[in-house]
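Visitor: Sequence and predicted structure are below.
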Amino acid sequence: MASQLRLGLRDFAGKRLWGFLSWRLRRQHIHRRTVLDALAEDLLLQHPDHVVVTGDITNISLPAEFIAASHWLASLGQPEFVSIIPGNHDAYVHVPWERSWVHWDDYMRSDADDAAATNLAPRFPFVRRRRHVAIVGLSTAVRSAPGMAVGRLGAAQLHATSLLLEQLRRQGLFRVVLLHHPPITAAGDHHKRLIDAEAFMAMLAEAGAELVLHGHDHVHRMRSQPSPGGRLPVLGAASASAAAVRGHVPAQYNLYRIAPSSRGWTIDVCIRGLEMNGQFATLQRQRLTVARAHAGLAGGATLSAVASDAREG
């Protein structure tokens, strides 16, 4: 988006200069609006019950980028249909709330019935219930030095999330946890790690969840970690705007169909990606099973959700 905005000298202060140069020299050739629009069109044709966006929908956190991103979110659907969490590019530099994330406020707000339960922290976690699924949104978005893209949850957010996950467990809901940074860092990715990943995973090992979705890596990854009910799937989504150039993984998104079963939950994962003809097609399917943490819910309809790292730059 940065290349489409009018910029003044003040916009280049600090880290933004490096981000803008990176965009002009490299990223604008990889991340393309035409690809993002094609993905959104294909996504909506799948008729998901809910869409989740795992952050980085601005490039260098310009105030005008937050407004443009809000228009893109509205093109996906109303706030009750779309949830978003911020990424590190959405906290590239400090921008006051009233000029930045406020434009997305309705997309990362707890349902009215859960508002009292989630005000243990200023904004995150939030929770949205869709049928038998509870979507728990966290923020790892913090400012970092040039050349760094680290994230942090913080003790207050971790504590509030632990209490919320325990409450949702007692209600028998399938708990999907959203965060931008992966809790499992690949070798060589120290500069873009989740700083308190160990504390996050320890919290999940005690409180439990059924699925963790993240972005940040720009590749599809499927891993797992221990949890009270067995193995907890941790899945990452590829970029939603990447063209098939310079060895980059072309744009993808993940479609999840979650259903209760007699023994637990089934998660049907469908990965749809950009092909050479410019169309999106199914690349891979997989079925996962997880144990039920509570016997309170015996049945219900399936729910489809999409996780997508939707940055243009």
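Guide: Alright, I've got the coordinates. Residues are numbered from 1 along each chain as shown.
Visitor: Quick check: the gap between L76 and Y107.
Guide: Distance of L76 to Y107, given as Cβ to Cβ, to the nearest Å: 9 Å. Bear in mind the C-beta positions are built from the backbone N, C-alpha and C, glycine included.
Visitor: Find the residues that touch each one of those two.
Guide: Counting by Cβ atoms under 8 Å, 6 or more residues apart in numbering, the shared contacts of L76 and Y107 are 53, 82.
Visitor: how about the residue positioned nearest the centre of the chain, phi and psi?
Guide: The structure's the chain has its C-alpha centroid closest to T54; by Cα atoms, centre = their mean the separation is 1.5 Å. Here is the backbone geometry of T54 (degrees, to the nearest 10): phi -100, psi 30.
Visitor: quick one, phi psi at the closest residue in space to it that isn't next to it in sequence?
Guide: Computed as Cβ to Cβ, 6 or more residues apart in numbering, the closest residue to T54 that is not its neighbour in sequence is G215, at 3.5 Å. Here is the backbone geometry of G215 (degrees, to the nearest 10): phi -120, psi -130.
Visitor: Can you show me the CA trace of stretch 238-256 as CSV?
Guide: The C-alpha trace of stretch 238-256 is given here as CSV (Å, rounded to 0.1, in the frame of the first residue of the first chain):
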residue,chain,number,x,y,z
ALA,A,238,1.2,-18.3,3.8
SER,A,239,1.0,-14.7,2.6
ALA,A,240,-2.3,-13.7,1.0
SER,A,241,-0.7,-11.3,-1.6
ALA,A,242,2.5,-13.0,-2.8
ALA,A,243,3.0,-13.5,-6.5
ALA,A,244,5.0,-16.5,-7.8
VAL,A,245,8.2,-14.6,-8.2
ARG,A,246,11.8,-14.8,-6.9
GLY,A,247,11.2,-18.2,-5.3
HIS,A,248,8.5,-17.0,-3.0
VAL,A,249,5.5,-19.2,-2.0
PRO,A,250,2.5,-17.9,-4.1
ALA,A,251,-0.5,-16.7,-2.2
GLN,A,252,-2.5,-19.2,-0.2
TYR,A,253,-5.1,-19.3,2.5
ASN,A,254,-6.3,-22.1,4.7
LEU,A,255,-9.9,-23.3,5.0
TYR,A,256,-10.9,-25.1,8.2
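Visitor: What segments of the stretch 151-300 of the chain are helices?
Guide: Under the criterion DSSP state H, counting those that start in this stretch, the stretch 151-300 of the chain contains helices at 155-170, 197-207.
Visitor: got CSV for those, with mean pLDDT too?
Guide: Listed next are the helices of the stretch 151-300 of the chain as CSV, based on pLDDT from 0 to 100:
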stretch, mean pLDDT
helix 155-170, 95
helix 197-207, 94
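Visitor: just to revisit the earlier point, tell me, how many residues neighbour the residue nearest to T54?
Guide: Neighbours of G215 under the rule other Cβ atoms under 10 Å: 28.
Visitor: repeat for the one 5 residues further on
Guide: H220: 18 surrounding residues under other Cβ under 10 Å.
Visitor: pLDDT wise, what is it at?
Guide: What the model reports as pLDDT for H220 is 83.
Visitor: tell me which residues of stretch 31-45 are tucked away?
Guide: 31-32, 35-36, 38-40, 42-43 (16 or more other Cβ atoms under 10 Å).
Visitor: Can you show me the strands along the chain?
Guide: 50-53, 82-84, 126-130, 133-137, 174-178, 211-218, 221-227, 230-238, 252-260, 264-274, 280-291, 303-308 (DSSP state E).
Visitor: just to revisit the earlier point, higher neighbour count, L76 and Y107?
Guide: Using other Cβ under 10 Å as the criterion, L76 and Y107 rank with Y107 on top: 27 against 18.
Visitor: what about the more buried one, distance to Q157?
Guide: Applying Cβ to Cβ to Y107 and Q157 gives a distance of 18 Å.
Visitor: Kindly report the same for R109.
Guide: For R109 relative to Q157 (Cβ to Cβ), the value is 16 Å.
Visitor: More neighbours: these two, which one.
Guide: Q157 (23 against 19).
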